[in-house]
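# Provided below are the primary sequence and the corresponding predicted coordinates.
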Amino acid sequence: MSGRARAYLGMSIDGRIAGPEHSLGWLHEERPREVESSPPESPGAWVGYDDFMADIGVLLMGRRTFDVVSEFDRWPYGDLPVVVASSRALPENPAATVSAACGSTSEILTAARARTEGGDVYVDGGQLVSSFLDDGLLDELTTTVLPTVRGPGVSLFESLAGPHNLDLVDLAVGEGGAVQLRWIPQGI
């Protein structure tokens, strides 16, 4: 099924998706290992970022996420269409593939789907993922839990309006102790 709204996020054990000031560098840090141990055999298949992106036709991101990514040395999404959920005007020189959409989550999702040619919609950003979950629009959530506790920072679900039950449909153990969990919200 194409056009699914899917999220793919790295997070710490304590649920942080970004550090203080919305920093993302810690997601790519090498982590020293004092004790070498073998991870348990992985029951599921690890889905790498490139594999996930192969099914994506458009990236729908929150404004705060866009502002952070815009500060990178180079635009990381190439020619992939990007829709930024924002009621504020975008900077004058965003990448040519970037547009903005505002309104309800349903309206924003419709705008994102209009920019894809049959691929799925990658929903990115903690507030946006929470809003999609609250509104029953998130079809799949993949979380890669990294073996670190961050303390202060941005929590994945800090803006969630209420509880949601999810069904675990896949589990994979990666190198360095990372665990990847793929969830389907109940009722989808």
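Perfect, I can see it now. Model, not experiment: these values are computed from the prediction.

# What are the boundaries of the helices in this structure?
49-53, 63-70, 105-113, 126-134 (DSSP state H).

# Can you tell me which of those helices is nearest to residue 14?
Nearest of those to residue 14, taken as C-beta to C-beta: helix 126-134 at 13.7 Å. From N, CA and C alone the C-beta is placed, and that goes for glycine too.

# where does this structure dip in pLDDT?
The chain contains residues with pLDDT under 70 at 1-2, 19-42, 93, 188.

# let's see 50
1, 26, 31-35 (pLDDT under 50).

# Pick the most buried one from the helices of the chain.
helix 126-134 (a mean of 22; mean count of other C-beta atoms under 10 Å).

# between it and helix 105-113, how many degrees?
With axes from the mean of the first three to the mean of the last three C-alpha atoms, to 10 degrees defining the directions, helix 126-134 sits at 110 degrees from helix 105-113.

# Give me the spatial nearest neighbour of residue 13, chain neighbours excluded.
residue 149 (5.2 Å; C-beta to C-beta, 6 or more residues apart in numbering).

# and that neighbour, what is it in contact with?
Contacts for residue 149 (C-beta atoms under 8 Å, 6 or more residues apart in numbering) come out as 12, 13, 14.

# what number of residues lie near the second one?
So that's residue 13. 13 (other C-beta atoms under 10 Å).

# give me phi/psi at it?
Dihedral pair for residue 13: phi -60, psi -30, per degrees, to the nearest 10.

# correct me, but it touches residue 147?
Yes - using C-beta atoms under 8 Å, residue 13 makes contact with residue 147 at a distance of 6.9 Å.
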